[in-house]
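Visitor: I would like to see how this sequence folds:
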Amino acid sequence: MSALFSLCKVELQAMLNAMHLTGSKKSRAFAAPLAAALGGGIMAYVGAVYALPMATVLLPMGMGDLYWGQMLLVGFCMALCFTMMAGSGMLFGGRDLDFLFALPIPARVILLAKMLALYLENLLFNSCLLIPSAVVYALNAPVGPAFWLEFVVICLCVPLLATAISAVFGCLSAWVAGHMRHKSLFSVLVSLLGLGLLFWLLWMLQSSLMDEVQADALRQSLWRTVPPLAWAARPLGGGNALSVVWFVLLSVGCVGVLTAAIAPVYQSLTLRLATRTVHRRFRMSRQTAGSAVSALYKKEAARFFGTPIYLLNCGLGPLFLLLGGGYLLLFPDKLQILLTIPGMRQQLPVMLAAMAAFFLLVASPSSVSISLEGRAIWLLQSAPVTPLAICHAKALFSLTICLPPMAVALAGVQRAFRLPAGQLAALGVCCAATALFASLCGLWCNLLLPRLDAPNDTVVVKQSASVLANMGIGFALLAVLALLWWLVKVSAALFLTGASVFVLALCGLMELALLRYGQDKFTELTTKG
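Guide: Numbering: from 1, shown residues only. Alright, predicted model coming up:
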């Protein structure tokens with residue numbers, strides 16, 4: 001037991017130090033809390049936005065259990081999608097595993113300590129999503145101390161199930177990596193399938209709440225199909241509290257059974273994965289390109305589409321735009337009801353621009369593209385190309401990843417809402433300016449906050465200070481523009497045009513800074529970054 005506590009302490013310290021910020025000791029001490037606050041704030045915002053309409057529809061019908069069933073299911077699925085790809089890297093990656101396996105510590109203890117880190121990440125996502133749901137519920141229904149006790153217990157147990165499934169997927173990914181050539185394709189396909197199922201689930205839940213009869217049918221179907229969901233949701237909605245015991249036993253039991261099942265093969269899987277990774281680390285092949293920038297661009301594309309954790313985290317925003325635009329193209333009449341709201345037609349272009357900007361700013365590939373070079377950064381620094389060309393190639397790839405989904409989204413918006421030509425043009429220019437800002441801002445964040453000595457790509461993509469800094473700056477820009485829209489009473493087209501000019505001016509300043517200081521910053525990068 002003492003070995004487990006010691007390893008847990010090491011894993012927690014590793015998570016706190018994952019930002020790897022430079023600067024004074026005092027500034028580094030605030031890095032992890034600020035990062036957690038930013039990530040938790042985003043999830044809390046998503047939870048509140050989703051909980052408010054659900055409470056408005058379901059609680060007047062007396063269906064508090066269905067409200068909690070939906071919120072718990074959405075929280076579980078979102079936490080699972082965000083951490084499923086991290087399972088392989090966090091459980092089977094890391095330079096400390098060889099050292100840990102050499103110690104007289106059972107493999108199951110090492111595995112449990114690694115799973116704790118994965119559980120804490122799931123707990124952060126899930127709690128920040130569910131706490132606003134509890135506040136919304138408490139404001140619309142009578143609750144007592146028993147409710148809050150049940151809520152805390154369920155909040156602690158739901159991430160256990162997500163952790164168990166993430167561990168299974170991580171184990172499967174590690175086995176595939178050790179036995180198959182196309183492990184990246186496998187991981188991407190499985191993760192995209194999971195995202196597709198999540199979107200289908202959300203759409204089915206929303207479409208089944210049109211009236212009380214459909215909502216009751218949905219409730220009965222969920223309780224029959226997913227009994228553990230009923231065990232957790234019914235007590236929160238005013239049902240029998242004893243079912244919480246069954247949910248707790250299921251959550252803890254899943255983690256215990258999976259640990260016992262994976263522990264015997266944990267060391268062999270880890271060593272096989274490490275051997276396979278080293279064997280494939282470098283590959284000598286002829287590169288064909290018309291120029292140095294195009295060769296660098298192809299290199300960025302190969303890394304992006306060949307690294308599942310990179311693709312599925314930094315490509316999530318463009319993917320949402322693509323799916324949303326495709327939905328509007330296929331079902332243009334589904335959101336026509338929005339136009340019946342007084343004043344919505346005047347505000348709709350700005351709201352659509354804010355939504356698109358959120359997806360474009362949530363995770364830019366350029367914010368980690370330098371850190372992913374890792375200890376091989378010296379290869380780029382010694383290549384016969386200028387550092388400016390390398391930086392421009394990374395920013396250009398990040399920009400072009402966003403443009404096609406943005407075009408699909410604009411086409412869907414036009415088919416669904418029939419915006420005037422001036423508003424559509426202003427919306428398109430504003431989205432393009434935001435995409436350019438995201439690529440350049442992400443590049444600068446990665447230049448100033450590199451992470452070149454990470455043990456694996458998962459740590460770089462999910463726990464880098466550059467990612468959170470890029471998100472924080474982008475959301476701060478969104479907040480400023482939203483405040484201006486509230487204060488300045490002008491037409492939507494005029495406001496979007498002014499916002500585009502402002503954002504493009506910021507892009508121009510970042511490009512000038514890149515021309516003047518970018519080369520020196522890139523040349524000075526080392527693995528001590």
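
Visitor: distance from stretch 347-362 to the middle of the chain?
Guide: 18 Å (CA atoms, centre = their mean, to the nearest Å).

Visitor: for the chain, longest helix please?
Guide: helix 243-279 (DSSP state H).

Visitor: where's it relative to the chain centroid, distance-wise?
Guide: Worked out by CA atoms, centre = their mean, helix 243-279 lies 23 Å from the chain centre.

Visitor: what is it packed up against?
Guide: helix 86-92, helix 97-102, helix 107-140, helix 145-179, helix 227-236 (3 or more CB pairs under 8 Å, 6 or more residues apart in numbering; DSSP states H and E). Heads up, the C-betas are built off the backbone N, CA and C, glycines and all.

Visitor: please redo it, this time with the cut-off set to 6 Å
Guide: When contacts are defined as 3 or more CB pairs under 6 Å, 6 or more residues apart in numbering; DSSP states H and E, helix 243-279 sits against helix 107-140, helix 145-179, helix 227-236.

Visitor: what angle do that helix and helix 227-236 make?
Guide: 130 degrees (axes from the mean of the first three to the mean of the last three CA atoms, to 10 degrees).

Visitor: got the angle for helix 243-279 vs helix 107-140?
Guide: Using the same axes, to 10 degrees: helix 243-279 against helix 107-140 is 130 degrees.

Visitor: any idea which helix or strand comes after helix 243-279?
Guide: For helix 243-279, the succeeding helix or strand toward the C-terminus, using DSSP states H and E, is helix 292-306.

Visitor: return the set of buried residues in that following helix.
Guide: 293, 295, 296, 297, 299, 300, 303, 304 (16 or more other CB atoms under 10 Å).

Visitor: again with stretch 475-490
Guide: 475, 477, 478, 481, 485.

Visitor: pLDDT of that stretch, averaged?
Guide: The average pLDDT within stretch 475-490 is 88.

Visitor: lowest-scoring secondary structure element of this structure by mean pLDDT?
Guide: Counting by mean pLDDT, DSSP states H and E, the weakest-scoring helix or strand in the chain turns out to be helix 25-29, with a mean of 50.

Visitor: next SSE downstream of that helix?
Guide: helix 31-58.

Visitor: past that following helix, which element shows up next along the chain?
Guide: helix 64-84.

Visitor: elements contacting that following helix?
Guide: Contact here means 3+ CB pairs under 6 Å, 6+ apart; on that basis helix 64-84 packs against helix 31-58, helix 107-140, helix 145-179, helix 183-207, helix 227-236.

Visitor: would you list these in CSV and tack on mean pLDDT and mean neighbour count?
Guide: As requested, those are arranged in CSV below (pLDDT from 0 to 100; neighbours: other CB atoms under 10 Å):
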stretch, mean pLDDT, mean neighbour count
helix 31-58, 73, 18
helix 107-140, 83, 21
helix 145-179, 80, 20
helix 183-207, 66, 15
helix 227-236, 86, 22
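
Visitor: got TSV for the ones you listed, with distance to residue 386 too?
Guide: Shown next, in TSV, are these (distance: least, CB to CB, whole Å):
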stretch	distance to residue 386
helix 31-58	32
helix 107-140	39
helix 145-179	36
helix 183-207	30
helix 227-236	56
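
Visitor: residue 522: which of the ones you listed is closest?
Guide: Between residue 522 and the helices and strands packed on helix 64-84, the shortest gap by CB to CB is with helix 31-58, which sits at 22.9 Å.

Visitor: next, the angle from that closest one to helix 64-84.
Guide: Using the same axes, to 10 degrees: helix 31-58 against helix 64-84 is 150 degrees.

Visitor: can you list the buried residues in the strand or helix carrying residue 221?
Guide: Assigned by DSSP H and E, residue 221 belongs to helix 212-225. For helix 212-225, a neighbour-count test (16+ other CB under 10 Å) marks 215, 218, 219, 222, 223 as buried.
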